[in-house]
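Trainee: Turn this into a model:
(2 chains)
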2 protein chains.
Amino acid sequence: MSMRITAEPVERLIEEFSRLPGIGPKTASRLTFWLLRGGDEQARSLADAIRELKEKTTLCSQCFNITDTDPCAICSNPNRDHSVICVVEEPLNVLAIERAHEYRGLYHVLHGRISPLDGLTPEKLKLQELRARVGAGGIGEVIIATNPTTEGFATAHYISRILSQFPVKVTRLAHGLPMGGDLDYADEVTISRALQGRQEITEPRSDQNGRR
Amino acid sequence: MSMRITAEPVERLIEEFSRLPGIGPKTASRLTFWLLRGGDEQARSLADAIRELKEKTTLCSQCFNITDTDPCAICSNPNRDHSVICVVEEPLNVLAIERAHEYRGLYHVLHGRISPLDGLTPEKLKLQELRARVGAGGIGEVIIATNPTTEGFATAHYISRILSQFPVKVTRLAHGLPMGGDLDYADEVTISRALQGRQEITEPRSDQNGRR
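Mentor: Here you go, the predicted model:
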């Protein structure tokens, strides 16, 4: 039993901050003592924002992005191009693409990538829902923007295969994204170029039985 | 008026996280979406810890460290040496010194350093309280552990001057701490060495009128 060297609520918050990704114990201490020095309002405001994050958000029933209205602000925006769907792995990827101010279509958030070793089989992703959306018609193009990783590429291929039965153009973001990286770290220019240079996936259509 | 690109509670938390020191907008986004992916319990637990940080802590009436009991765990510990006081600028500095497992005395937290340009005059710090503690007797040594910065040195000199009327040894941490740095970034070994090599400040005693 080690001797406590600071107040329990201080130790507890340092521990909680340390659980966040990329936050070590020293950074967690600095954040905690920074909040201690600040006003009551500052800490309360942060605590409220964290609590309301889960309480006041849900998934959009159309694109499965995080939203506080259903359908979300993007799906319900008449100024967006409703004939194009951009498929991403995570909600944070939507933010990264929106920041590039290049894309005006809709999204579809898979909530993961196909990764059997991590227990992420196709049924765990929002793939049936994507198929249903495209199957309902009115979609001219599906842009696949999964991460430029092995699993992201495998997911992209899987999607192009399950969509091959529909009369829809399936493209993916141009290379230019650094290999093995994560979409969220790409700068706006790289994401813009990747959108502009997107290429059609030359996947066999369903009349070839969906096989190669 | 820019178009909202994500749910309001998400934007709000990203904004709140971005206010924390050293957290940029991209890190703030990653932390927010990491919490979104996690369970409800995780976010609630972090929010509670932040709220209770201010609600359940106070300042120790003896050493002015952050505490959830008064006097604090250090001041009320009979196994610590109650004849030695280590003076630090901020509560976080206590943690840094405790981590070195070298020091067994008490503390006195100034809550700042003398910095007139920032409006931090001596009256704004817990200096009167330090004088009163030493004046009450029973103290053999005061170790000054202000940060190794110009303002920290000026504060150390000021303290040695106001304590010169008392029969107490006034020392400061040995050099070895990197100049211009911050105590919180120093590693345990450096802090241990600085404690071991502490030197007496050869300040004129009050019989020389407190001047040089």
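
Trainee: Provide the backbone phi and psi angles at the spatially most central residue of chain A.
Mentor: The centre of chain A sits closest to A:Glu90, judged by CA atoms, centre = their mean, with a distance of 1.8 Å. Dihedral angles phi and psi of A:Glu90 (degrees, to the nearest 10) take the values phi -130, psi 160.

Trainee: OK, contacts around it?
Mentor: Contact partners of A:Glu90, counting by CB atoms under 8 Å, 6 or more residues apart in numbering or on different chains, are A:109-112, B:33, B:37. Yep, even glycine has a C-beta here, placed from its N, CA and C like the rest.

Trainee: Quick check on those: which are buried?
Mentor: Neighbour-count burial (16 or more other CB atoms under 10 Å in any protein chain shown) applied to the contacts of A:Glu90 gives A:109-112, B:33.

Trainee: ok, back up a step: how much space is there between the residue nearest to the centre of chain A and A:Lys126?
Mentor: Remark: distance between A:Glu90 and A:Lys126 (CB to CB, to the nearest Å) = 11 Å.

Trainee: what touches both of those two?
Mentor: A:109-111.

Trainee: Identify all contacting residues around stretch A:13-30.
Mentor: Contacts of stretch A:13-30 (CB under 8 Å, 6+ apart): A:31-32, A:35, B:21-22, B:27, B:30-31, B:34-35, B:42, B:45-46, B:49-50, B:52-53, B:92, B:95, B:184-185.

Trainee: cool, stretch A:79-86 as well?
Mentor: Stretch A:79-86 is contacted from outside by A:63, A:74, A:97, A:103-108, A:130, A:133-134, A:138-143, A:145, using CB under 8 Å, 6+ apart.

Trainee: how's chain A carved up into domains?
Mentor: A:8-56, A:59-200 (automatic domain parsing).

Trainee: With adjacent residues omitted, what lies nearest to A:Cys75?
Mentor: Spatial nearest neighbour of A:Cys75, chain neighbours left out: A:Gln62 (4.6 Å); criterion: CB to CB, 6 or more residues apart in numbering or on different chains.

Trainee: Now do the helices in chain A.
Mentor: Secondary structure of chain A (DSSP state H): helices at A:8-18, A:25-37, A:40-55, A:91-99, A:127-135, A:150-162, A:188-196.

Trainee: Quick check: which ranges of chain A have low pLDDT?
Mentor: Where chain A drops to pLDDT under 70, the residues are A:1-5, A:175-181, A:193, A:197, A:199-200, A:202-212.

Trainee: Touching, A:Val94 and A:Tyr107? I think so.
Mentor: Yes - using CB atoms under 8 Å, A:Val94 is in contact with A:Tyr107, at 5.3 Å.

Trainee: Single out the most deeply packed of the helices of chain A.
Mentor: helix A:91-99 (a mean of 23; mean count of other CB atoms under 10 Å in any protein chain shown).

Trainee: and stretch A:91-110, anywhere near chain B?
Mentor: Yes - interface with chain B: stretch A:91-110 contributes A:91-92, A:94-95, A:98-99 (CB under 8 Å from any CB of the partner chain).

Trainee: for chain A, what's the longest strand?
Mentor: For chain A, the strand that runs over the most residues, judged by DSSP state E, is strand A:81-88.

Trainee: buried residues in it?
Mentor: Those would be A:84-88, for strand A:81-88 by 16+ other CB under 10 Å.

Trainee: Farthest-apart pair in those residues, please.
Mentor: The span of the buried residues of strand A:81-88, defined through CB to CB, is set by A:Val84 and A:Val88 at 13.2 Å.

Trainee: so what's A:Leu35 up against?
Mentor: Per CB under 8 Å, 6+ apart, neighbours of A:Leu35: A:13, A:42-43, A:46, B:50, B:53-54.

Trainee: ok, these vs B:Ile162, which is closest?
Mentor: Checking those one by one against B:Ile162 (CB to CB), the nearest turns out to be B:Lys54, at 31.5 Å.

Trainee: That closest one touches A:Ser45, doesn't it?
Mentor: No - counting by CB under 8 Å, B:Lys54 stays clear of A:Ser45, with 11.5 Å between them.

Trainee: So the closest residue to A:Phe17 other than its chain neighbours versus A:Glu11, what's the distance?
Mentor: In this structure, A:Phe17 finds its nearest non-sequential neighbour in A:Ala28, 3.6 Å apart by CB to CB, 6+ apart. Distance, A:Ala28 to A:Glu11, using CB to CB: 10 Å.

Trainee: try A:Glu188
Mentor: 40 Å.

Trainee: Over to A:Leu92?
Mentor: For A:Leu92, the distance to A:Glu11 - CB to CB - is 30 Å.

Trainee: how about the nearest residue to A:Leu130, chain neighbours excluded?
Mentor: Nearest to A:Leu130 is A:His108, by CB to CB, 6+ apart, at 5.1 Å.

Trainee: Thanks again, I'm all set now.
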